[in-house]
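> Sharing a sequence plus its predicted fold:
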Amino acid sequence: MTSREAYLKTRARLSAVTEEAAFEARLITACVTGEEPARAAFSERPLAEKELEALEKLIERRLLREPLQYLLGEWSFMGLDLFVSPAALIPRQDTETLAEEALRLIREKGYESALDICTGTGCVAIALKKLAPRDIIAEASDISEEALALARRNAERNGAELIFRRADLFEGAVEYDLITANPPYISAEDMALLEPELSHEPRLALYGGEDGLDIYRRIAKEYGPHLKSGGALLMEVGAGEAEAVSALFEGARTRIIKDLNGVERIVEIIKNA
């Protein structure tokens, strides 16, 4: 079987579980053959037996609705290549809106320090450290040791010098110009309706309590001593949650930011100078 034939076979089988079968088949075939995705779909190079066995295993896992990103073992975020695993949420384009707004504030306000809580893969903290227009002190924390181990690998892969702490939100934190968070925000009702792929991602990083807002309530109560005067708190929120999250920060200067799909995705809190 050639690489092209393997791609066609994979595309046909994946069409049962995804509308992006062609895209996913290119990436899976390329993962097995080591070729560029565009080339793998047209190459006439015969696959070795080991390659065919590896391809079959990946197809079977995808048919069981395991996310494509976990099959590949890596994914891109803000142009940075990151390792991914079931230890943490898969980096998504929605979260790039969070990182982009944080980078804008660093550039415009001259922020010099940042803390990323619920860091997961470390994607936001690494993006801030690598892409900020100035060198900043960046910390990343998570309650999951497995997630932190993954984040450390990603920081090393991207040459990002971060401070890591295993912590429940602000445990051990000092004071920062900028705090970012992509906390669990899925409600009990929505957890029952999750797509099968999401069942492979860590529940700890998904479930936000009965109404999805438990962690935001804690952040609202605890963030004050850790944010410098004039600093900013940026939080990713679930669709339809922005107003409710903003209301938790009574009296604070708040702003809601939409993502590329027009969904209210980020709640920004500015601490009065």
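All right, it came through fine.
> Could you point out the longest helix of this protein?
Longest helix in the chain by number of residues (criterion: DSSP state H): helix 93-109.
> What is the next helix or strand after that one packed up against?
As assigned by DSSP states H and E, the chain's next helix or strand after helix 93-109 is strand 113-117. When contacts are defined as 3 or more CB pairs under 8 Å, 6 or more residues apart in numbering; DSSP states H and E, strand 113-117 packs onto helix 123-131, strand 137-142, strand 176-181. Just so you know, the C-beta spots here come from the backbone N, C-alpha and C atoms, and that holds for glycine as well.
> Now do the same contact list for the residue nearest to L204 when sequence neighbours are not counted.
The shortest distance from L204 to any non-neighbouring residue, by CB to CB, 6 or more residues apart in numbering, is to S144 (6.2 Å). Taking CB atoms under 8 Å, 6 or more residues apart in numbering as the criterion, S144 is in contact with 87-88, 166, 202, 204-205.
> helices and strands around the one helix or strand V32 maps to, which ones?
Using DSSP H and E, the secondary-structure element containing V32 is helix 21-33. Under the contact definition 3+ CB pairs under 8 Å, 6+ apart, helix 21-33 sits against helix 3-14, helix 37-40, helix 49-63, helix 68-72.
> Report the buried residues of it.
When neighbours are counted by 16 or more other CB atoms under 10 Å, the buried residues of helix 21-33 are found to be 21, 24-33.
> what residues does that helix touch?
Defining contact as CB under 8 Å, 6+ apart, one finds that helix 21-33 is touched by 3, 6-8, 10-12, 14-15, 18, 35-41, 43, 45, 47, 51, 54-55, 58-59, 62, 68, 71-72.
> please redo it, this time with the cut-off set to 7 Å
Applying CB atoms under 7 Å, 6 or more residues apart in numbering, the contact partners of helix 21-33 are 3, 6-7, 10-11, 14-15, 18, 36-37, 40-41, 47, 51, 54-55, 58, 68, 71-72.
> One more: stretch 211-220?
Here stretch 211-220 has contacts from 169, 181, 183-187, 208, 235, 238, 241, 244-245, 248-249, using CB under 7 Å, 6+ apart.
> try 8 Å this time
Residues external to stretch 211-220 that are found in contact with it (CB under 8 Å, 6+ apart): 117-118, 169, 181, 183-188, 190, 208-209, 233, 235, 237-238, 241, 244-245, 248-249.
> just to revisit the earlier point, pLDDT (mean, whole number) over the helix holding V32?
Computed over helix 21-33, the mean pLDDT rounds to 96.
> angle of it against helix 49-63?
Angular relation of helix 21-33 and helix 49-63 on a 0 to 180 degree scale: 140 degrees, by axes from the mean of the first three to the mean of the last three CA atoms, to 10 degrees.
> that older thread, inside strands: which ones of the contacts of stretch 211-220?
117, 181, 233, 235 (DSSP state E).
> Export only the CA atoms of stretch 234-252, formatted as CSV.
Taking Å, rounded to 0.1, in the frame of the first residue of the first chain, the C-alpha atoms of stretch 234-252 are listed here in CSV:
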residue,chain,number,x,y,z
LEU,A,234,-8.1,37.8,31.9
MET,A,235,-10.3,34.8,32.0
GLU,A,236,-11.6,32.5,29.2
VAL,A,237,-15.3,31.7,29.7
GLY,A,238,-17.8,29.3,28.1
ALA,A,239,-20.3,30.4,25.6
GLY,A,240,-23.1,32.4,27.3
GLU,A,241,-21.2,32.8,30.6
ALA,A,242,-19.5,36.2,30.1
GLU,A,243,-22.2,38.3,31.7
ALA,A,244,-22.6,35.9,34.7
VAL,A,245,-18.8,35.8,35.3
SER,A,246,-18.5,39.6,35.0
ALA,A,247,-21.3,40.0,37.6
LEU,A,248,-19.1,38.1,40.1
PHE,A,249,-16.6,41.0,40.1
GLU,A,250,-19.0,43.6,41.4
GLY,A,251,-17.6,47.1,41.3
ALA,A,252,-14.6,46.1,39.1
